[in-house]
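[1] The sequence isn't on hand, but the structure is:
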């Protein structure tokens with residue numbers, strides 16, 4: 001299947017569905033990073049309000065006020081205590097957007113600098 005996507009044999013693709021739960025994310029994501037020692041990670045979120053595929057240039061650490069699927073919200077409204085306020089992607093999202101758009105797929109791709117917070 002990876003060959004159909006143009007990926008080589010030396011690429012290991014791991015796909016996980018992660019619940020929208022603060023405490024699960026805080027436990028599971030570091031464990032997955034430790035287990036796989038990835039060179040690249042793509043986190044994908046889903047929004048019922050989205051009308052495009054949105055590529056995020058950064059992720060925020062503060063301002064989490066919404067309840068998760070377990071009806072929990074961190075009292076600090078912070079994702080990672082002591083972490084940076086914002087994590088910027090080193091991937092050129094503008095180039096990715098242009099590349100995907102050039103494929104002629106029936107999908108609109110946009111760029112955002114304000115990732116949502118659940």
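    That came through, no problem. The model shown is predicted, which means the values in this text are computed figures rather than measured ones.
[2] how about the helices in this protein?
    With DSSP state H, the ranges of helices along the chain come out as 22-36, 93-102.
[3] Report the buried residues of the first one.
    By neighbour count on 16 or more other Cβ atoms under 10 Å, the buried set for helix 22-36 is 22, 25. The way it works is simple: take the backbone N, C-alpha and C, and place the C-beta from them, glycine included.
[4] which residues are in contact with that helix?
    The contact list for helix 22-36, computed with Cβ atoms under 8 Å, 6 or more residues apart in numbering, reads 12, 14, 16, 18-19, 41, 64, 68, 70, 72-74, 79-80.
[5] Same check on the last one?
    By Cβ under 8 Å, 6+ apart, the list of residues contacting helix 93-102 from outside reads 53, 55, 56, 57, 107, 109, 110, 111.
[6] Tell me how far the residue positioned nearest the centre of the chain lies from residue 103.
    By Cα atoms, centre = their mean, the chain has its centre lying nearest to residue 43, at 2.6 Å. Residue 43 sits 22 Å away from residue 103, taking Cβ to Cβ, to the nearest Å as the criterion.
[7] same check, this time on residue 47
    Remark: distance between residue 47 and residue 103 (Cβ to Cβ) = 23 Å.
[8] what do you get for residue 45?
    From residue 45 to residue 103 the distance is 22 Å (Cβ to Cβ).
[9] again with residue 82
    41 Å.
[10] Would you mind listing the residues in contact with the residue nearest to the centre of the chain?
    So residue 43 contacts residue 59 (Cβ under 8 Å, 6+ apart).
[11] Mind jotting down where the strands sit in the chain?
    Counting by DSSP state E, one finds strands in the chain at the ranges 53-56, 58-60, 86-88, 109-112.
[12] okay, these in CSV with distance to residue 8, mean neighbour count and mean pLDDT next?
    Putting the strands of the chain into CSV (distance: least, Cβ to Cβ, whole Å; neighbours: other Cβ atoms under 10 Å; pLDDT from 0 to 100) gives the following:
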stretch, distance to residue 8, mean neighbour count, mean pLDDT
strand 53-56, 24, 16, 91
strand 58-60, 28, 16, 91
strand 86-88, 28, 13, 91
strand 109-112, 24, 14, 92
